[in-house]
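# heads up, no residue letters with this:
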C-alpha cells in the first residue's frame, strides 16, 4: 500500500473522493481515540496547530467557555465573544479567541477576588496571555492539558 500522502496526491481536486477520504480518516481517528488516546490527541493537536496555530479558534473557545463552572454558581460565559473582541481591539490583543477564553476563565475562577471592574479583568487577562516566561500558545495548551487530565 502507498503512504497516506500519496493517496491524497492521487485524488487531489476530486471533491467526491476528497470528501470520502475525510470520512475514512475521521472514522479511523475516532477508533484511535478509544485505543490510543495519546496518539489521537497528538495528531489532533498537530492538525489544530496547522490551521489555527497553538491558539483557540472561536468555536473551540466558545465550547470551552460553555463548560466553565463559575465561582458565583453560574455556568458558561460572563462576556460574549463580541464583547471581548471589542475589548481586545482597544487593547491591541491579537489572539481574540484566546482573550475571550481568558477573560471568562478569570471571571469564572476569580470573580469573588477581582470583583466586577472590567478593566481589571482586561489587565489580568492581558498579563496572563503575555507572560514572558511562557511559550506561545500558553492559553490553548494549558486548557488542552487540563482537559486531558480530566479524561484520565
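Nice, thanks for sending it over. Remember, predicted model here, so these are calculated numbers, not experimental data.

# alpha carbons only for contacts and neighbour counts from here, please
Noted.

# which of the residues in the top helix by length along the chain are buried?
Under DSSP state H, the helix in the chain containing the largest number of residues is helix 15-35. Buried residues in helix 15-35, counted by 16 or more other C-alpha atoms under 10 Å: residue 29.

# Next secondary structure element downstream of that helix?
Using DSSP states H and E, the next helix or strand after helix 15-35 towards the C-terminus is helix 37-52.

# Now that next one: buried residues?
37, 40-41, 45.

# so how far is whatever helix or strand comes next after it off the chain centroid?
Per DSSP H and E, the first helix or strand lying C-terminal to helix 37-52 is helix 58-66. Distance, stretch centre to chain centre, for helix 58-66: 7 Å (C-alpha atoms, centre = their mean, to the nearest Å).

# cool, stretch 65-73 as well?
Relative to its chain's centre, stretch 65-73 lies at 17 Å (C-alpha atoms, centre = their mean).

# Go ahead and name everything in contact with that stretch.
75-77, 101, 104-105, 107-112 (C-alpha atoms under 8 Å, 6 or more residues apart in numbering).

# Just the mean pLDDT for it, thanks.
Across stretch 65-73, the average pLDDT comes to 96.

# Begin at 37, not 1, for the rest of this chat.
New numbering, starting at 37: the last item is stretch 101-109.

# List the buried residues in it.
When neighbours are counted by 16+ other C-alpha under 10 Å, the buried residues of stretch 101-109 are found to be 101, 104, 106.

# now, which of the residues you listed sits nearest residue 176?
Of all the buried residues of stretch 101-109, residue 176 sits closest to residue 101, with 12.1 Å by C-alpha to C-alpha.
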